[in-house]
Structures are given as C-alpha cells and as structure tokens.
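Chemist: Fold the following and give me the result.
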Amino acid sequence: ARRPPRPAPPRRSDPALAALKPFRFPQTPFHQMRAAATLLLALMAAIFLASHHFAAAHPALPWVRAFAEAAMVGGLADWFAVTALFRHPLGLPIPHTAIIPQNKDRLGDSLALFLKENFLTPTVVARQLEAHDLARMLAGWLQAEQRPGRRRSMGPLLARLIEALDEAAVDDLVRDAAGQRLRSLKLSPIVADGVDALIEKGRHDPLIEAAIEWGLATLSSEEPQIRSMVSERTNWFLRLVNVDENVSDSVIGSVQRLLVDMRHDPRHPVRQRLVNALKGWAFDLRHFPETQAQVEGFKADLIANPAMGQALSGLWASARAGLVRSLNDPASAEAGKLGPALKALGARLEQDQALADAINRAVRRAVVALARDYGDEIVALVSDTIRSWDANTVTDKVEQAVGRDLQFIRINGTLIGGSIGLGLHAVGTAL
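Modeler: Numbers count the residues shown, from 1 in each chain. Okay, here's the model as predicted:
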C-alpha cells in the first residue's frame, strides 16, 4: 500500500502566512518612546514577580521588590494620566477621561482666541512691525551675492502666485478700477496742457500741414461734385453764358491758392488764426465749464463704448501673460533682466531713506489693516477648521505633537515611584 501523500507546504498566498507579519520596531519618535515606557513598566512587573517569588533567596531582594512595586504604581498612575488625555483607559468610560476628544471644540475656540489676542490685534501687529526695518531687510536680501539660487527661484515663485490668481475676478477688478479711474480723471486740463505743449514746441505745424494736404486732396477729388452743386444753384439763363463754370473755377482756384500759400508760408495769417484758435480752445478748456463738458462728454462716450470695455478687459490678460513669461524665463532672471533689476531696486532702497520709510509705512498700514479687517475671519477659520476635524484626527495630531514628551513623564514616574518605594522600605525597615 502506498503511503498517503505529504501535505504540500503552504504557499506564499496562504492566508495563514499572510497573517504572520514580521515585527517592526516603531519608527516615529513618539511610538519609540511609548514602547520604551511600556517596556520599562513591563520590566518592573517582571522584577516584582521574580523578587516576590524568590524573596528568601537573598536579603537584597525585598529591597528590589519594594522598588519594583512602587515603580509599577508610579508607572501605572502616569500611564493612566497620560492615556486619559487622549482616550478612555482600557476603553472604560471613566469620568474626566478622553479629555481632548471631548473638549475638541472648546480647545479650538481657545486656540483661535489666543491667536487673535496675541497675534492678530492691530496694536500687536503694529508693535511687532515697528521694531523691524522691512525695507532695509528687503534691500539686503535683493543685493546679497551669496544666495543667487534663492533670487533665481523668486521669479518662478512669483509666476506661480500670479497664475494662481482667479483670472476672471482679477480681470473684472482691473477693468472696474481702470474704468473708475478714467471716470474720475479730469480730461480737460490734460488736453489743454497737451495743446499748449504742442504749440510751444512747434509740433502743431505737421498737423496743420497734414490738414492742408488733406484739404488739397479732398478739393481735387470732390471737384466734380462742387461744379455740380454750383450748376444746380445757378439760373438756367446764366448757365447759357457759362457763369456756373466761371464761378466753379473761381471758387476751386481760390481755395487751392489759399491752401498752397498756407503750405509754403509758415507765417500765413490763416495758419496764425488756426494757432490762436487752438490757444483759445485750450484757455476755454481750463476756465469755461461748457467747453469742459464737451470734452468730458466725449470721455464718457469713449468709456461707454464696448470696444473700450474689451480693451480694458484685456489689460490683465496681457500683463499676466507677459509677467509669467518673463518670470519663468531663466535666462532673463539670471543674465540680463530680472536679476539686475532686483539688485538695482535693492540699491535704491538702501540709498533712498525716504523711499524706504514710505515702503515701511505702506507695509505696516497694509498688514495692520489686514489684521483689523480680517482678523476675525482668520480666527473663525481656525476655530471652524478644528471643529470640522474628527475627534480622532485631533487626538492623533495632538498626541503626535506632544506624545513623546508625555512618555518621558511615564518613564520618570516609574523611576521616581521606584525610588520613593525604596525610601519608604528603608524607613519601614529602620522603624
């Protein structure tokens, strides 16, 4: 008879082998310290049992037992205290345990209130900023030669910040701000100054010459129309003797001679009258509301034009694309554009005290305004975020942050408890 076949060895896919996982010592500092404190407590328990069982074997064993017994008491008490902060010890619903999970919302409110009272009040922010010369710090950083990599990395960082902005929202903001700025801008004085500067520097002459050339060209192209109009307004009897042709020739020739004379004579009286008319218009723009209203009405019509709206809408898109392209260009940042520009800005900040003071004031005002206007929102964000966390999440975060130090409390409690027990045993023996 054949022997029954041996059972095949379990394969790697066998669930029994899959359940056997190699022991791995905890990797995080918190878990390592917790394991060390627990092993120390277990060691004290083993020493206590061994010294109790072999108490008569050596006169020193009662002292060892006293130390181990008190160490167990101290270690267990501190284990209970540390565990009660984060959860119910052994899962038992003992009152006043699992303190952090049960008071999660109150802890969040307290943390938010602490941030507001100590960091986000305008007085505290202003006092902290007053102690620092931010402009000088920025100037030193921009000019520092030993950190070129950080300066190079600032370009892509700024580019990412710009790309992260809501393009539609910023576009609307730029369009509205530009439109509002144009509406509030008084155009009449600017036009008047421009006309005066044009005349003073002689730059009006090309405009007049261009107008003369246009007049000559128009007169030549519209000559048939002019002759037709004169003919229509001339009596039929006079047309028999060509009076209409003579009148047309006279009118066209007179205007042509006038324009030609104006073109060749910069001091022609008509040109001077045009210049005086421009000067008078500039004067009216400064002093007469009726003339100012005409220019302002033209400006309002221009702003209301859909084409102007589209042009303003494209301001941010064009500026954004140019900025991102320039900031992401390593060659410009390194060799010729962004780096030298930032270095020059740093030198200017270092040399111009008035500019540095202005930047410091502007930054302080901006940050203080942010703390004043948005401090409550930031505090509410902290509080609401903690409230939205699961209790276990909050417990794990806090335990990971301070749990390692708390495990030292367990170790110290075990050793100090053992020392106290050893002292009490000595006192009892002496009595």
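Chemist: Gln102: neighbour count?
Modeler: Other residues within reach of Gln102 by the criterion other CB atoms under 10 Å amount to 13. Quick note: C-beta positions are derived from backbone N, CA and C, even for glycine.
Chemist: ugh, typo on my part, it should be Val191
Modeler: Neighbours of Val191 under the rule other CB under 10 Å: 19.
Chemist: Please give me every residue in contact with it.
Modeler: When contacts are counted by CB atoms under 8 Å, 6 or more residues apart in numbering, Val191 is found next to Ala282, Leu285, Val295.
Chemist: As CSV, those with neighbour count and pLDDT would be great.
Modeler: As requested, the contacts of Val191 are arranged in CSV below (neighbours: other CB atoms under 10 Å; pLDDT from 0 to 100):
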residue, neighbour count, pLDDT
Ala282, 22, 88
Leu285, 22, 86
Val295, 19, 86
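Chemist: In helices, which of these appear?
Modeler: For the contacts of Val191, the ones inside helices are Ala282, Leu285, Val295, with DSSP state H as the criterion.
Chemist: out of the contacts of Val191, which one sits closest to Arg87?
Modeler: Nearest to Arg87 among the contacts of Val191: Val295, at 77.0 Å, using CB to CB.
Chemist: List the contacts of the closest one.
Modeler: So Val295 contacts Leu187, Ser188, Val191, Leu285 (CB under 8 Å, 6+ apart).
Chemist: Export these as TSV, with columns for distance to Arg257 and secondary structure.
Modeler: TSV is the format used below for the contacts of Val295 (distance: CB to CB, whole Å; DSSP: H, G, I helix; E, B strand; the rest coil):
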residue	distance to Arg257	secondary structure
Leu187	39	helix
Ser188	37	helix
Val191	34	helix
Leu285	34	helix
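Chemist: Reformat these as TSV; add distance to Ala159.
Modeler: Output for the contacts of Val295, formatted as TSV (distance: CB to CB, whole Å):
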residue	distance to Ala159
Leu187	36
Ser188	41
Val191	39
Leu285	44
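Chemist: Of the residues you listed, which is the nearest to Gly417?
Modeler: Taking CB to CB as the measure, Gly417 lies nearest Leu187 of the contacts of Val295, at 86.9 Å.
Chemist: what about the closest one, distance to Trp214?
Modeler: 26 Å (CB to CB, to the nearest Å).
Chemist: can you check Leu207 too?
Modeler: Where Trp214 is concerned, Leu207 sits at a distance of 11 Å (CB to CB).
Chemist: now Leu49
Modeler: Distance, Leu49 to Trp214, by CB to CB: 116 Å.
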